[in-house]
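S.K.: Just to be clear, the model below is a prediction. Sequence and coordinates:
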Amino acid sequence: EDKVVQSPLSLVVHEGDTVTLNCSYEVTNFRSLLWYKQEKKAPTFLFMLTSSGIEKKSGRLSSILDKKELFSILNITATQTGDSAIYLCAVEARGNNDMRFGAGTRLTVKP
Amino acid sequence: KAGVTQTPRYLIKTRGQQVTLSCSPISGHRSVSWYQQTPGQGLQFLFEYFSETQRNKGNFPGRFSGRQFSNSRSEMNVSTLELGDSALYLCASTAFIGTAYGYTFGSGTRLTVV
């Protein structure tokens, strides 16, 4: 059965800290891994990763995928209070038209 | 361009009733997926529609159903509501599967069953 596991489930840091969020997966016929940020309701798209070893960056956020070890990490540097949110990891499988989500990591950034 | 629009934003229903939720995708997006989000189970896939056809369905009972219209707008229906159906229902649209831009979510409908 397809599985997506995120860790830690919860994290509290102070502004300026760097955080690393983890996502491991087991899925048949992997197509892509996606990261989303959910602040209140609508998850907003951050990254889609399909190839191993290629880092994707957007400002202070970056992510990389390891298809051999079946995991991805999301890094946030110089955290700000506005980064406080739930970060969701999801995987897509070829042949399916759905995303399998992890439970999410709740990040709290304190001033 | 306008985002994914879900209506209503909030809904309170009584056990045993039925409910219909609506989702209008981004213009040009033909795939619409529905997800249920609860604190205990996280985001779980309900079903996905493309060109008025259901292409995939998650592990939910038959009380959960949906449809898609020719303009790509989608509705989901839950009949005989149970307390456990209380959740945030999110829909997401995409232009095509595998697009590098992922899926765009709406703000959801918060359903409370009392």
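M.R.: Good, I have the coordinates. Numbers count the residues shown, from 1 in each chain, chains lettered A, B, ... in the order given.

S.K.: Alongside chain B, which residues does chain A contribute?
M.R.: Residues of chain A lying near chain B by CB under 8 Å from any CB of the partner chain: A:31-32, A:34, A:36, A:40-45, A:48, A:88, A:90, A:92, A:96-104. C-beta: built from backbone N, CA, C; applies to glycine.

S.K.: okay, now residue 41: neighbour count?
M.R.: Picking chain A for this. The local packing of residue A:41 (other CB atoms under 10 Å in any protein chain shown) involves 16 other residues.

S.K.: not quite, I wanted chain B
M.R.: For residue B:41, the count of nearby residues is 12 (other CB under 10 Å).

S.K.: What residues does chain B have near chain A?
M.R.: Residues of chain B lying near chain A (CB under 8 Å from any CB): B:3-4, B:31, B:33, B:35, B:42-45, B:48, B:50, B:55-56, B:58, B:88, B:90, B:92, B:97-98, B:100-108, B:110.

S.K.: Recalculate using a threshold of 7 Å.
M.R.: With CB under 7 Å from any CB of the partner chain as the criterion, chain B meets chain A at residues B:31, B:33, B:42-43, B:45, B:48, B:55-56, B:58, B:88, B:97-98, B:100-108.

S.K.: count of neighbours near residue A:27?
M.R.: Neighbourhood size, residue A:27 [other CB under 10 Å]: 18.

S.K.: what's the pLDDT at residue A:95?
M.R.: Confidence at residue A:95, expressed as pLDDT, is 76.

S.K.: Near the closest residue in space to residue B:111 that isn't next to it in sequence, how many residues? Count them for me, please.
M.R.: Once flanking residues are discounted, residue B:111 sits nearest to residue B:11: 5.0 Å by CB to CB, 6 or more residues apart in numbering or on different chains. Residue B:11 sits with 15 neighbouring residues when counted by other CB under 10 Å.

S.K.: How about residue A:56?
M.R.: 17.

S.K.: ok, it touching residue A:49?
M.R.: Yes. Counting by CB atoms under 7 Å, residue A:56 touches residue A:49, with 6.3 Å between them.

S.K.: quick one on the thing from earlier: from the residues of chain A next to chain B, list just the buried residues.
M.R.: For the residues of chain A next to chain B, a neighbour count by 16 or more other CB atoms under 10 Å in any protein chain shown gives the buried set as A:32, A:34, A:36, A:41-43, A:45, A:48, A:88, A:90, A:92, A:96-104.

S.K.: related to what we said a few turns ago, element containing the residue nearest to residue B:111?
M.R.: Taking DSSP states H and E as the criterion, residue B:11 maps to strand B:10-13.
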